[in-house]
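In: Got a predicted structure here, sequence first:
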Amino acid sequence: MPLKHYNIPVFVPEEGCPHRCIFCNQHAITHTQSAPDPAEVPQIVKQWTARFGHPHRHVELAFFGGSFTGISPSRQEAFLKVAAELKSAGEIDAIRLSTRPDYVDEATLNRLVRFGVNTVELGVQSLDDGVLLASGRGHTAADTLRAVRLIQEHGLGLVLQMMTGLPSDTPETCLSTAGGLVALAPDAVRIYPCLVMRDSPLAQLYRAGKYTPQTLDQAVELAARLLSLFLEAGIVVLRVGLHPDAASHVLAGPWHKAMSELVSTRFYHHRLHTLLQNRCGGEQIAIACAPGEVNHVAGYRASNRRWLETLFSRVSFTTLAHLKSPELHVDCS
């Protein structure tokens, strides 16, 4: 039986950040004003694991919401010591954390390895230096390349996070960043369309008419193209868009509670459109996909199904065990 993966998030909002990026309001995104004390982490783990119903599971403790390796070494070690003890006791199976490219060095990574950290998530956002400068990131693309090399040399899992629609960004710079991330061969990526969060520096630019966010359709179309690029390279996409809990803090931008579903719908719409080229409508069509993918292929609120029903008299979906996401098999009869 396959393992069910669970994440237990422990948020350290902005605690390790050297300054505030133009788009950031971590307190709003994480719904957390301050990090817990390291001594509280075992209780947090117990509260979460009590909700996990799957008997065959893989539980990962994740330090999110800030640049973990930017906090003081002693505080890092206090958190990591507790995490390592929980891992040794079998209460969790893995440890991950998120950080910035300019807060990665040999000493830091040796510390992470010593305490049994498994995965580092790196907030890349962009590989375009002009976009990084306009977004107030405080680091360069070269810093990212150096950090990735060090993380991989230390044998740690690597997840890269990118953002679309930043100041000075274009679809072309985003696609170039995605191509650069593919070349770095991470284990997985996350895609975040840029949102204007209340009380962020970007909100001031937006109100002054100096920043125009992506429309929802623009963000969905671009993210679908990025999704295709990553999946074709065999790279897992863990998430598209922020968690729905952040909705009340969004001032403007391409927000949707089902952003990930909209993007997968557009992705499969494009795939189906390509597969159906040179086929006439009016006949029956059967679409086979990987197990668990039927709802994604049929689309958010069955939008892809409804589109297909304008082309074919009968539309059906099924799964084939040998297919792997996002493979599709189309049969017209």
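Out: In hand now; what should we look at?

In: Break this protein down into its structural domains.
Out: 4-257, 278-332 (automatic domain parsing).

In: Make JSON lines out of these and add mean pLDDT and distance to T265.
Out: All C-beta atoms are positioned from the backbone trio N, CA, C, and that covers glycine. Conversion of these to JSON lines gives the following (pLDDT from 0 to 100; distance: least, C-beta to C-beta, whole Å):
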{"stretch": "domain 4-257", "mean pLDDT": "90", "distance to T265": "8"}
{"stretch": "domain 278-332", "mean pLDDT": "91", "distance to T265": "4"}
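
In: Give the buried residues for stretch 212-223.
Out: Burial within stretch 212-223, assessed by neighbour count using 16 or more other C-beta atoms under 10 Å, is assigned to P213, Q214, A219, V220, E221, L222, A223.

In: whoops, I mixed them up, stretch 199-215
Out: In stretch 199-215, counting by 16+ other C-beta under 10 Å, buried: S200, P201, L202, A203, L205, Y206, Y211, P213, Q214.

In: circling back: quick one, which of the domains of the chain gets closest to R271.
Out: The closest of the domains of the chain to R271 is domain 278-332. By C-beta to C-beta, the value is 6.0 Å.

In: what distance separates that closest one from the centre of its chain?
Out: Here domain 278-332 shows a centroid-to-chain-centroid distance of 26 Å under the convention C-alpha atoms, centre = their mean, to the nearest Å.

In: same question, stretch 156-176
Out: Taking mean C-alpha positions (C-alpha atoms, centre = their mean), stretch 156-176 and its chain are 11 Å apart.

In: Please name the bridge partners of the spatially most central residue of the chain.
Out: In the chain, the C-alpha closest to the average C-alpha coordinate belongs to R190, at a distance of 2.2 Å (C-alpha atoms, centre = their mean). With DSSP bridges as the criterion, the beta-bridge partners of R190 are Q161, R239.

In: My guess is it contacts R239. True?
Out: Yes. Between R190 and R239 there is a contact under C-beta atoms under 8 Å: 4.8 Å.

In: okay, and the common contacts of the two?
Out: Taking C-beta atoms under 8 Å, 6 or more residues apart in numbering as the criterion, R190 and R239 do not both touch any residue.

In: T212: which element?
Out: With elements delineated by DSSP states H and E, T212 resides in a region that no helix or strand encompasses.

In: tell me the phi and psi of it?
Out: Note on T212: its backbone torsions stand at phi -120, psi 110 [degrees, to the nearest 10].

In: same question, A134
Out: According to degrees, to the nearest 10, the main-chain angles of A134 amount to phi -70, psi -20.

In: That one touches S168, doesn't it?
Out: Yes. Under the criterion of C-beta under 8 Å, A134 is in contact with S168, at a separation of 4.0 Å.

In: Which of the two has more residues huddled nearby?
Out: A134 (17 against 14; other C-beta atoms under 10 Å).

In: From G165, how far off is the more buried one?
Out: When C-beta to C-beta, to the nearest Å is the yardstick, A134 and G165 sit 12 Å from each other.

In: can you check Y206 too?
Out: Between Y206 and G165 the computed distance is 12 Å (C-beta to C-beta).

In: now do E153
Out: Look at E153 and G165: by C-beta to C-beta, they are 32 Å apart.

In: Of these two, which one has the most company?
Out: Each of E153 and G165 had its neighbours counted (other C-beta under 10 Å), and the higher figure belongs to G165 (25 against 10).

In: Test my guess that that one contacts Q214.
Out: Yes. The pair G165 and Q214 qualifies as a contact (C-beta under 8 Å) at a distance of 4.0 Å.
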